[in-house]
Each structure stands twice: as structure tokens, then as C-alpha cells.
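Enquirer: Just need the structure, nothing else, for what follows:
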Amino acid sequence: IVAAIIISLFGAFYFAFNSKTDSKKLRASSKPVILVMPIKSSGLSENQKGFANGVTESMIATLSGYQAIKVLSSSTSFHAEKTKMINKTIKDEFGVNYIIRGSMQVMGNNARLNLEITDLDASKVSVSKKKDFKLDDIFKVQDELSNEILTTLQISLGVGSVQGSNWTKDYNSMKDFNLFLNWREEWRKFTKSGYINSLRMFEELKSSYPDETRAILVQEAWQLYQKLLLGLSKSKEKDMERLNYSLDRAIEIDPVARDAFAARSIIGLRMLNGNCEEALSDIAQAEEIGSTVDTLTIAGTVYELCGDIKKGIEAKRNALLLIPNDTGWFITNSLVFSLYKDNQIDEIYKLLGDDIDAEDMRPTALALYAFLEYEKGNLKRAKQYYERAKKNNFEKKKFERQFRQFREFNSHQKELLETTLKGLSIIGDLK
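Expert: The predicted structure is shown next:
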């Protein structure tokens, strides 16, 4: 249902977006900033002129429900319109990446609503959409177009085309699809609060799908996996049993489920006494079905856990190529850590570039960057980045756990960890 609605709109946007240059722009965070300009209208009576503003407010409200983007308020929209700000000024003043503009034309009870998305980095319109309708259906139409725009942005900016288009087929409504993506954003924080929030969202989704489905079972497996790793389980044996069941049952329901095979590969390896032969077999199966952002990210970690760090780095790089925007720096952070352990220091600087100054950069990446600056003798800069790492909830125990996750925690890795922790303790308090 959801997939059928968004295919035509998504296709044009995705290919237009990915035709941009590979250069990254300095921004406040990893979340793209969206501005919905006030909908212009013609042919509306005095009693109907509020419809256009209603469409604007509805779209802002709909888009704001997705956590991986930042939607500016309607007051900003009306200010930009009133002061006749040009695109460059909007981009420079508010850090806007995309502007959504629209117009509504009315003749009697017949109406047409036109919408377009302008990519300010590429300086061109990426999507245009129009809808003819009866004015009596204005509320239905504004919701439909708002949801279409939202889904296009979700897939193109956050999760990649292949897995995003596939995921839309798992849910019966735009609301459920959006809830799933917000669950994913919370889960990827990998914190206690993120776990609590994602659990609430998962339980809400699960209540809407009482029968066993592959999608819900895979979600449940990830939820249990995080619960166990964060030490939040009160019945470890029971949770482990359910975890194992969820993974195997998901594959039983859908034998070509790449997400289930990828999940079982890393969860089996880290939590269920699996071995590398089994994990690599599951990853191979997932990749044979077709690579996605998530399967490649997981594959990268599995390869590293099984001793092939260079292949792991390659997989994570390929994952980044599939998405224009690494929301929350999830993959970037993982890749930085891998490059550090493989002593590819120059590659870390190339990868991060100006993005190291993003306000939501992950604490591990910031801490490692601080240590590298310390090694270069830039103590002042090292302190600045380390303070930001602590502000973003850097934890020594979590940092150590990332080092020790490898099955062969050899003397070189142990020495690297000790050297890094010693350097960080000199830069600032290490807790």
C-alpha cells in the first residue's frame, strides 16, 4: 500500500539527489534541514484563504514527525516569505538544505495543488508534484501529499533506496512506516534512554501486527540484543531464548529476508555462541539477496569480528556510498573506529573533514579525534574535542567494550587501547 504511493515521486528525487558531487558541506548536525514555504494561492474566496496556510501547517506537522530530519517552524517560513529572502540567504541564515514550495489554484470547486522540493546544495528542483481535486477534499489531499513528500525524504535522505522501498511493503500505513523509522533512529543511539524510547515504539508497532511477521520479529531481535548488551535484562536466559527464536522464525517465515540473515550473523556471533563460519555464511546469504545500507554496515562489523578488518572497512565505506546522509553519524562513527584500529589515521581526517564540528557527532569519533590532535601536539584542540565528546555522553566502559568486542583481542590491540586511554586521561577527566 505504502510502496505503491511513493514509487513515482521517489524515483525522480533519488536520482536527482545522487547526481550531486561527493563533497560534504559543513552543517550544524547530521540531520538535513527542511523549510516549508507558505503555500501560495489564487482563486480562493476570503472564506477559503485559510486553506493555503492550513496546507503549509499540515505539511510542517507531518514532516516534523520524522526524527531524522529537522523541519523549521512555520514562523520561520512566514518570516522568509514576508522578507522575500532568496534561496542563498535562506541557506546561509538557517542552514537549510531543502525548500518545499507549493501553490494552490482554485476555480469554483476544482483545485490544483503543486509542490516542489528544491535541493539548495545542488541549486535545482529535485521533485515536482501536482494533484487535481475537488475543494471539498482539501484535507484528504493535503495529508496524502504531505505523506508522499515525507516518505520520499525518509528513503532518499535516511535509509537508502533499496531497503527503504522494501521496508514500505512491511507496513499497512504511512504512520506505521514512520514509527518504524523513528524506532530505528532511537535504537541506533545505543543508550539506555534510546532503548527505552525504541522499546515503547516497538511495542506500539507490535500491537498493530499481532500475527508473527518477519519485520516485527527482526525488530524484536534487535531490541533484545540491545537490552542484553546494555545490561538491562532481568531474565537473561529467557531473553536469549526468545532472541534465538525471533531470528530463526523470521528466516523461516521469509527465507529471502536479507535483514534477518544480517541480524542473525552478528547477533549469533556476539550473543548466541555462534562461530565465524556461521556468521559469514549468513552475511553471504544476505549479500547474495542484495546489498543494502544496513547489510553492508553489519557485514563490516562481522568481517572485523572474524579478523578481516580491511574487508570490514571496505563494507562500511560501501554502506556510506548508498546513503546521501548518515543520520546520527552511525556508520561514520563505526568506520572511524575501524580506521583507527587499522592505523589509517590520514583516512580518518579525510572521512570526517569539517563534519567533525557537527553538533551531533558521535562521542567515540570525537574522543578519537581529540587523541589524534593530542598526538600531533595540539593540546588546546584536543581538549575542545574531548569536552565535546563528554558533552555527547562519552563513556570509558563503552569505549573499552568496542575495543574488546573482537574475538582475538591481541597484545597490539591491548596496547593501542591502553595508549589511547592514557592520552585521553591527560587531555581531561576519564570516567
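
Enquirer: what about the nearest residue to S208 once chain neighbours are set aside, which SS state?
Expert: Distances taken as Cβ to Cβ, 6 or more residues apart in numbering put D176 closest to S208, at 6.1 Å, once the chain neighbours are dropped. C-beta here means a position set from N, CA and C on the backbone, and glycine is covered the same way. Secondary structure state of D176, per DSSP: H, G, I helix; E, B strand; the rest coil, is helix.

Enquirer: try E81
Expert: Assigned state for E81: helix (three-state reduction, three-state DSSP).

Enquirer: What count of nearby residues applies to it?
Expert: The number of residues packed near E81 is 14, by other Cβ atoms under 10 Å.

Enquirer: and if you look at S207?
Expert: 8.

Enquirer: Now do the residue nearest to S208, the pLDDT please.
Expert: The model reports D176 with a pLDDT of 92.

Enquirer: That one reaches E204, doesn't it?
Expert: No - with contacts counted by Cβ atoms under 8 Å, D176 stays clear of E204, the gap being 9.1 Å.

Enquirer: What helices and strands are in contact with whichever helix or strand E415 is part of?
Expert: Element membership of E415 [criterion: DSSP states H and E] is helix 411-427. Under the contact criterion of 3 or more Cβ pairs under 8 Å, 6 or more residues apart in numbering; DSSP states H and E, helix 411-427 touches helix 363-375, helix 379-391, helix 396-404.

Enquirer: in that helix, what counts as buried?
Expert: Applying a neighbour-count criterion of 16 or more other Cβ atoms under 10 Å, one finds L417, T420, L421, G423, L424, I427 buried in helix 411-427.

Enquirer: tally of neighbours for the nearest residue to E204 once chain neighbours are set aside?
Expert: Closest residue to E204 apart from its sequence neighbours, by Cβ to Cβ, 6+ apart: L179 at 6.5 Å. Neighbours of L179 under the rule other Cβ under 10 Å: 18.

Enquirer: what do you get for S146?
Expert: Neighbour count of S146, defined by other Cβ under 10 Å: 22.

Enquirer: just N273 next, same as before
Expert: N273 has 10 neighbouring residues, counting by other Cβ under 10 Å.

Enquirer: In three-state terms, how would it be classified?
Expert: Assignment for N273 (three-state DSSP): coil.

Enquirer: now do P255
Expert: Per three-state DSSP, P255 ends up coil.

Enquirer: quick one: pLDDT of it?
Expert: 96.

Enquirer: My read is that M59 contacts E144, right?
Expert: No - taking contacts as Cβ under 8 Å, M59 lies outside contact range of E144: 11.2 Å.

Enquirer: Those two: who's more crowded?
Expert: M59 (26 against 16).

Enquirer: On the secondary structure side, give me the element for that one.
Expert: Per DSSP H and E: helix 50-63 holds M59.

Enquirer: Which residue would you name as the spatial centre of the chain?
Expert: For the chain, the residue sitting closest to the mean C-alpha position, by Cα atoms, centre = their mean, is T327 at 3.9 Å.

Enquirer: re earlier: looking at D176 and E204, which one has more neighbours?
Expert: For D176 versus E204, neighbours defined as other Cβ under 10 Å are more numerous around D176 (18 against 12).

Enquirer: Okay, that one and I60: tell me how far apart.
Expert: Going from D176 to I60 by Cβ to Cβ, to the nearest Å gives 21 Å.

Enquirer: Then E387?
Expert: Counting by Cβ to Cβ, the gap from E387 to I60 is 35 Å.

Enquirer: Between the two, which has more neighbouring residues?
Expert: The residue with more neighbours, out of E387 and I60, is I60; 20 against 15, by other Cβ under 10 Å.

Enquirer: ok, now which ones touch that one?
Expert: By Cβ atoms under 8 Å, 6 or more residues apart in numbering, the contact set of I60 is V36, V71, S73, S74, S77.

Enquirer: Most neighbours among those residues, please name it.
Expert: Going by other Cβ under 10 Å, V36 tops these with 29 neighbours.

Enquirer: Quick check: phi and psi on that residue?
Expert: When quoted as degrees, to the nearest 10, the phi and psi of V36 stand at phi -100, psi 110.

Enquirer: which residues of this structure score low on pLDDT?
Expert: 1-28, 44, 46-49, 406-409 (pLDDT under 70).

Enquirer: Confirm R112 sits in a strand?
Expert: Yes - secondary structure of R112 (three-state DSSP): part of a strand.

Enquirer: which stretches of the protein form strands?
Expert: Assigned by DSSP state E, the chain shows strands spanning 33-36, 40-42, 70-71, 98-107, 110-119, 124-134.

Enquirer: Of the contacts of I60, which is the nearest to L247?
Expert: The nearest member of the contacts of I60 to L247, counting by Cβ to Cβ, is V71 at 36.0 Å.

Enquirer: who touches that closest one in this structure?
Expert: V71 neighbours (Cβ under 8 Å, 6+ apart): V33, I34, L35, V36, I60, L63, S64.

Enquirer: from these, which is closest to K169?
Expert: L63 (22.3 Å).

Enquirer: Quickly list the domain ranges of this protein.
Expert: 2-157, 160-324, 342-431 (automatic domain parsing).

Enquirer: tally of neighbours for the nearest residue to E93 once chain neighbours are set aside?
Expert: What sits nearest to E93 in space, not counting adjacent residues and going by Cβ to Cβ, 6+ apart, is M85, at 7.4 Å. Applying other Cβ under 10 Å, we find 19 residues neighbouring M85.

Enquirer: next one: phi and psi at M85?
Expert: Dihedral angles for M85 - degrees, to the nearest 10 - are phi -70, psi 140.

Enquirer: hmm, back to that, ok and the helix holding E415 relative to helix 396-404, angle-wise?
Expert: 160 degrees (axes from the mean of the first three to the mean of the last three Cα atoms, to 10 degrees).

Enquirer: Helix 411-427 vs helix 363-375, what angle?
Expert: 80 degrees.

Enquirer: Mind listing residues that contact helix 411-427?
Expert: For helix 411-427, contacts defined as Cβ under 8 Å, 6+ apart pick out 341, 367-368, 370-371, 374-375, 379, 382-383, 386, 396, 399-400, 403-404, 406, 430.
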